[in-house]
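Participant: The sequence and its predicted three-dimensional model are supplied below.
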Number of protein chains: 2
Amino acid sequence: MRRLLPLLAAPLLLAQAPPPEAPPVYNAADSIIANAPAGHWIDIAPDDIMVMETAAGTMAIQLAPLFAPAHVAAIKTLVRTGQFDDGRIVRVQDNYVVQWTARPDPAKPKAAPLPPEYERPIAGLSFTPSPYKDTYAEAGWVSGWQAARDPATGTAWLAHCYATVGVGRDNPPDTGDSTELYTVIGHGPRHLDRNIANVGRVLAGIEPHAALPRGTEELGFYKDEAGRVKIKRVRLASQIPGFPKWQMMDTASPSFAAVVQARANRTGFFPRPAGAADLCTLRVPVRALK
Amino acid sequence: MRRLLPLLAAPLLLAQAPPPEAPPVYNAADSIIANAPAGHWIDIAPDDIMVMETAAGTMAIQLAPLFAPAHVAAIKTLVRTGQFDDGRIVRVQDNYVVQWTARPDPAKPKAAPLPPEYERPIAGLSFTPSPYKDTYAEAGWVSGWQAARDPATGTAWLAHCYATVGVGRDNPPDTGDSTELYTVIGHGPRHLDRNIANVGRVLAGIEPHAALPRGTEELGFYKDEAGRVKIKRVRLASQIPGFPKWQMMDTASPSFAAVVQARANRTGFFPRPAGAADLCTLRVPVRALK
């Protein structure tokens, strides 16, 4: 007997355009996503996708120039100049982060500090508020991203959730030079919001990296070179011929509103639907077109 | 250069009584925990700890008879009669659960259905409310457990957070016969609250299990026997000579209130403390005494 637990949003991250033989539909949200009209999806620019091949697998990361333009520009330069090739995953801390670093370059002078892109003005953004309470701020979505805002300061920021990518740093006012990145592999550490430059999210391939052995040292660092995981090559999708076109659901669309509603009011397995859902479980559907 | 991110609560799960050479203190919460007086800790009964040895490592699970007495009694019987020995981890779904099952026993008739211990009356419980907003309900703690309550129905329940242990089931009104258990290895799926019998939490040893390869089949099930992870032996701590004594912090104590306050208002690395923290990040400190 195979006892089942219902799907969490995780598989949405890899949702595909409906194949000829559609997989079984587990809940209304999956069906809404599968049937969302083309106009409810937004193309992701291939230049905003960083494709990282490691010894564990390949991870596609969508960068967020809307929120961290200087850091994203720095990351793209590092990618284009091959600085992440032969880098290393240096840290895996359970229920927290997988962290990796570019290849050290002793010849290179320390990069000029980047601006602290921890938040940005709300002005110019289209913010779709979540209908549900949030512990930390006003939660919602901005152009396909899980975000939050503070009307008092007039700012918005990317929320720290599972698969969020941020820039490792030492203490303020250092904001990190983008050579050290991490992704979240545990409960969304929202207390990092507005304390770190969030630069994107993993679109695909987080699984084998989330399953890497946890580091044995303080904060989950690997003890030595033997334990570290090699980064073989990092490119932008725009540099890879034939890389699939990716899309994210338009979070201002009726389809996304319906997904949110469905996820907060699950049926079938659930005798008592929650009637709410927290921001980090309300992931934005993304898909690769065939 | 080793860029650091601050610790999340995860290491607290394994917090030890302060050793002769105390480890570096990263934040006020660690210091509060290390200095909490003996009276702010509650002994965990050795009969309420299930010790599961698998091919990946050993996991100690604290059972919660306060919330699911019938399921916990059923689990203890399965443990005492060796039904989990030679069981299997059958499913690992990224950002969701690790699930395992007792050894199938075709000779055994299907167990009588257990009551749906999805929630219980608040009466008789000491509920310490969280000072912070919760998306799903009124959040807080009951005698060392992350919990939530609904004054309208007069009920309380264990919250689904990282390391929570629950009973896998098919559809209602089946509540599971306790031969199939899981633990959460992703963002707290609070939408499962009041839909599943939560029976406990992992005290120690979740890390190597959270790092198991994700299953390739639907819902993260392993494809076949070759991929499943063997459970070697499961015992109660009360059956293991010399097993350490475990304690959890009294969540009604001033020390715990101070931990909550410190976690919501982090300093040092954090230029902008959140001023709040969600229930699943406010884990209850536990420790093994030497």
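Facilitator: Looks like it arrived, so ask away.
Participant: ok, the residue nearest the centre of chain A to A:I49 distance?
Facilitator: Nearest to the geometric centre of chain A sits A:R201, at 1.7 Å (CA atoms, centre = their mean). Distance of A:R201 to A:I49, given as CB to CB, to the nearest Å: 11 Å. Where C-beta positions appear, they are placed from N, C-alpha and C, glycine not excepted.
Participant: low-scoring stretches of chain A, by residue?
Facilitator: Applying pLDDT under 70 to chain A flags residues A:1-26, A:109-111, A:172-173.
Participant: 80 instead, please
Facilitator: A:1-27, A:105-113, A:171-175 (pLDDT under 80).
Participant: Where do the helices of it begin and end?
Facilitator: Along chain A, counting by DSSP state H, helices occupy A:28-35, A:69-80, A:207-210, A:254-264.
Participant: Need the ones you listed in a markdown table (columns: distance to chain B and mean neighbour count).
Facilitator: Shown next, in a markdown table, are these (distance: least, CB to the nearest CB, whole Å; neighbours: other CB atoms under 10 Å in any protein chain shown):
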| stretch | distance to chain B | mean neighbour count |
| --- | --- | --- |
| helix A:28-35 | 12 | 19 |
| helix A:69-80 | 14 | 19 |
| helix A:207-210 | 4 | 22 |
| helix A:254-264 | 8 | 19 |
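Participant: Among these, which comes closest to B:H209?
Facilitator: helix A:207-210 (12.7 Å; CB to CB).
Participant: and the nearest residue to A:T216 once chain neighbours are set aside, how many residues sit next to it?
Facilitator: Counting by CB to CB, 6 or more residues apart in numbering or on different chains, A:T216 lies nearest to A:K223, which is 5.4 Å off, once chain neighbours are set aside. Neighbour count of A:K223, defined by other CB atoms under 10 Å in any protein chain shown: 10.
Participant: Likewise for the one 5 residues further on?
Facilitator: The local packing count at A:R228 equals 19, with neighbours defined by other CB under 10 Å.
Participant: Ignoring the adjacent residues along the chain, who's closest to it?
Facilitator: A:R88 (4.2 Å).
Participant: Isn't that neighbour up against A:T101?
Facilitator: Yes: using CB atoms under 8 Å, A:R88 is in contact with A:T101, at 5.9 Å.
Participant: what sits opposite the residue nearest to A:R228 in the beta ladder?
Facilitator: Taking DSSP bridges as the rule, A:R88 bridges to A:T101, A:K230.
Participant: For it, give me its contacts.
Facilitator: A:R88 makes contacts with A:W100, A:T101, A:E225, A:R228, A:V229, A:K230, A:I231, as judged by CB atoms under 8 Å, 6 or more residues apart in numbering or on different chains.
Participant: And stretch A:182-190, how far out from the chain middle?
Facilitator: On the basis of CA atoms, centre = their mean, to the nearest Å, stretch A:182-190 sits 9 Å off its chain's mean C-alpha point.
Participant: Kindly report the same for stretch A:91-110.
Facilitator: Distance, centroid of stretch A:91-110 to centroid of chain: 18 Å (CA atoms, centre = their mean).
Participant: Stretch A:226-239 now?
Facilitator: How far stretch A:226-239 lies from its chain's middle: 17 Å, per CA atoms, centre = their mean.
Participant: What of stretch A:279-290?
Facilitator: Distance, centroid of stretch A:279-290 to centroid of chain: 10 Å (CA atoms, centre = their mean).
Participant: Likewise for stretch A:240-253?
Facilitator: Counting by CA atoms, centre = their mean, stretch A:240-253 comes out at 14 Å from the chain centroid.
Participant: Next: stretch A:257-271.
Facilitator: Computed by CA atoms, centre = their mean, the chain-centroid distance of stretch A:257-271 equals 23 Å.
Participant: Next: stretch A:187-197.
Facilitator: How far stretch A:187-197 lies from its chain's middle: 13 Å, per CA atoms, centre = their mean.
Participant: List the residues that contact A:S255.
Facilitator: Applying CB under 8 Å, 6+ apart to A:S255 gives the contacts A:I32, A:I33, A:A36, A:P37, A:H40, A:M249.
Participant: need the residues of the stretch 51-200 of chain A near chain B, please.
Facilitator: Applying CB under 8 Å from any CB of the partner chain, one finds that the stretch 51-200 of chain A approaches chain B through A:90, A:92-97, A:99, A:101, A:118, A:132-136, A:161-163, A:168-172, A:176, A:180, A:182, A:185-196.
Participant: repeat that with 7 Å
Facilitator: Proximity of the stretch 51-200 of chain A to chain B is confined to A:93-97, A:132-136, A:161-162, A:168-172, A:176, A:180, A:182, A:186-191, A:194-195 under the rule CB under 7 Å from any CB of the partner chain.
Participant: Among these, which ones are in strands?
Facilitator: Judged by DSSP state E, the subset of these located in strands is A:Q93, A:V97, A:E180, A:Y182.
Participant: Check these and tell me the two furthest apart.
Facilitator: A:Q93 and A:E180 (14.0 Å).
Participant: Please indicate which of the residues of the stretch 51-200 of chain A next to chain B are buried?
Facilitator: A:93-97, A:132, A:134-136, A:161-162, A:168-169, A:176, A:180, A:182, A:186-191, A:194-195 (16 or more other CB atoms under 10 Å in any protein chain shown).
Participant: from what I can see A:V286 touches A:A204, true?
Facilitator: No: using CB atoms under 7 Å, A:V286 makes no contact with A:A204, being 8.1 Å away.
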